[in-house]
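**Q** give me a 3D structure for the following:
(2 chains)
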There are 2 protein chains.
Amino acid sequence: MKTGEKLFFEDFEEGQVFRSGETEVSEEDIVAFARSFDPQSFHLDPEAAKDSFFGTHVASGWHTVAVAMRLMVEALPVSGGVIGGGAENVRWPRPVYPGDLLHVEIEVEGKRAMRSRKDIGLVNIKVTGIDQKGETVLVMQPRLIAPYRERA
Amino acid sequence: MKTGEKLFFEDFEEGQVFRSGETEVSEEDIVAFARSFDPQSFHLDPEAAKDSFFGTHVASGWHTVAVAMRLMVEALPVSGGVIGGGAENVRWPRPVYPGDLLHVEIEVEGKRAMRSRKDIGLVNIKVTGIDQKGETVLVMQPRLIAPYRERA
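**A** Predicted structure coming up:
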């Protein structure tokens, strides 16, 4: 893929892998997300988190998903944007801790035309979020909406 | 359920429904989430969004999920917190627009013990996000981790 080139439905093939850059999830990031969207002690407060299910301060699982989305937007230059048509199998095998460095690997698992639309198709991907130790912290299988180059 | 009472695994029954309060998703909220997690024109910029797939300014789907999570935390007083063990079937049937008022309805679909843990069980729920017109903007089926009252 050339730099700056956009991806259309025709460009996706089963087995393709895209790898994002790496981003840090700081303690401040974890607390800020928690305040807005998941105000629970184990996400809000490093001290109170010690007495929680997790035993330590961890990121909200939906924060991990949101960070993965940003990495996907950076790594996947889909024409028209990275637009999801749903997701299956969202899993958090391990928590994300303050200071973790995350990247995502995106594997194309398949694609299919839509009966109702001739201008866009669906691309099934598997997104794996990986920390600096190589541990998997997120798995999910979204469907992306991708426009056709030729039929658009 | 009495006010202030916490829910344990034993308290969940198939068919129970919990309804959250309502929250507004403002234009500023949509842009702020997009800047952090989904920096694409149709979420970042009301003007540029007119030329996008959506044709207008819409919230990131993961922003809708994050708002639903906050509403779940408020509506479901699970002992130990609202902790997800994964989610299936995440769908966004319609976009969320600036100024929309969202609430969630949470239906208990079932529950099961874990072979590996005697202190917690899993509760399957269906979360439906609904806007002020009664339209469904989000469906997802997470599993919650719930501690036992008696075996904890």
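**Q** quick one: the helices in chain A?
**A** Counting by DSSP state H, the segments of chain A that form helices are A:27-37, A:41-44, A:61-75.
**Q** including mean pLDDT and distance to chain B, could those go into a markdown table?
**A** Quick note: C-beta positions are derived from backbone N, CA and C, even for glycine. A markdown table is the format used below for these (pLDDT from 0 to 100; distance: least, C-beta to the nearest C-beta, whole Å):
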| stretch | mean pLDDT | distance to chain B |
| --- | --- | --- |
| helix A:27-37 | 98 | 4 |
| helix A:41-44 | 97 | 7 |
| helix A:61-75 | 98 | 4 |
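**Q** just put the ones you listed in TSV and tack on mean neighbour count.
**A** Formatted as TSV, the helices of chain A follow (neighbours: other C-beta atoms under 10 Å in any protein chain shown):
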stretch	mean neighbour count
helix A:27-37	19
helix A:41-44	22
helix A:61-75	23
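**Q** dump the ones you listed into JSON lines; add distance to B:Val31 as well.
**A** Converted to JSON lines, the helices of chain A look like this (distance: least, C-beta to C-beta, whole Å):
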{"stretch": "helix A:27-37", "distance to B:Val31": "13"}
{"stretch": "helix A:41-44", "distance to B:Val31": "23"}
{"stretch": "helix A:61-75", "distance to B:Val31": "15"}
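**Q** do you know which of those helices lies nearest A:Asp51?
**A** Across the helices of chain A, A:Asp51 has its closest neighbour in helix A:41-44 (7.7 Å, C-beta to C-beta).
**Q** on that earlier part again, and of the helices of chain A, who's closest to B:Asn124?
**A** Nearest to B:Asn124, of all the helices of chain A, is helix A:61-75, at 16.4 Å by C-beta to C-beta.
**Q** does anything pack onto that closest one? Which helices or strands?
**A** Using 3 or more C-beta pairs under 8 Å, 6 or more residues apart in numbering or on different chains; DSSP states H and E, the elements in contact with helix A:61-75 are strand A:23-25, helix A:27-37, strand A:100-113, strand A:120-130, strand A:136-147, helix B:27-37, helix B:61-75.
**Q** the inter-axis angle of it versus helix B:27-37?
**A** 70 degrees (axes from the mean of the first three to the mean of the last three C-alpha atoms, to 10 degrees).
**Q** can you give the contact residues for helix A:61-75?
**A** By C-beta atoms under 8 Å, 6 or more residues apart in numbering or on different chains, the residues outside helix A:61-75 that reach it are A:18-21, A:23, A:25, A:29-30, A:33-34, A:37-38, A:43, A:81-82, A:90, A:92, A:96, A:102-104, A:106, A:127, A:129, A:137-138, A:140, B:33, B:36-40, B:60, B:62, B:65-66, B:69, B:84.
**Q** how about the nearest residue to the residue sitting furthest away from the middle of chain A, chain neighbours excluded?
**A** What lies farthest from the middle of chain A is A:Asp51; by C-alpha atoms, centre = their mean that is 29.3 Å. Spatial nearest neighbour of A:Asp51, excluding adjacent residues (C-beta to C-beta, 6 or more residues apart in numbering or on different chains): A:Ser41 at 7.7 Å.
**Q** the one you found is in contact with A:Ala49, isn't it?
**A** Yes - here A:Ser41 reaches A:Ala49: they are 6.1 Å apart, a contact under C-beta atoms under 8 Å.
**Q** how about the helices of chain A, which one is nearest A:Glu14?
**A** Going by C-beta to C-beta, the one of these nearest A:Glu14 is helix A:61-75, 17.9 Å.
**Q** and the gap between the residue nearest to A:Asp51 and B:Pro147?
**A** Per C-beta to C-beta, to the nearest Å, A:Ser41 is found 15 Å from B:Pro147.
**Q** how much space separates the residue farthest from the centre of chain A from A:His43?
**A** A:Asp51 sits 14 Å away from A:His43, going by C-beta to C-beta.
**Q** do A:Met114 as well
**A** Distance, A:Met114 to A:His43, using C-beta to C-beta: 38 Å.
**Q** same thing with A:Ile30?
**A** Here A:Ile30 is placed at a distance of 6 Å from A:His43 (C-beta to C-beta).
**Q** need the overlap of contacts for these two.
**A** Residues touching both A:Ile30 and A:His43 (C-beta under 8 Å, 6+ apart) are A:57-60, A:63.
**Q** quick one: which of the residues you listed is nearest to A:Gly110?
**A** Looking across these and measuring by C-beta to C-beta, the closest to A:Gly110 is A:His63, at 28.7 Å.
**Q** show me what contacts A:Glu135?
**A** Going by C-beta under 8 Å, 6+ apart, A:Glu135 touches A:93-94.
**Q** contact residues of chain A facing chain B?
**A** Counting by C-beta under 8 Å from any C-beta of the partner chain, chain A comes close to chain B at A:33, A:36-42, A:52-53, A:60-62, A:65-67, A:69-70, A:73, A:80-92, A:142, A:145.
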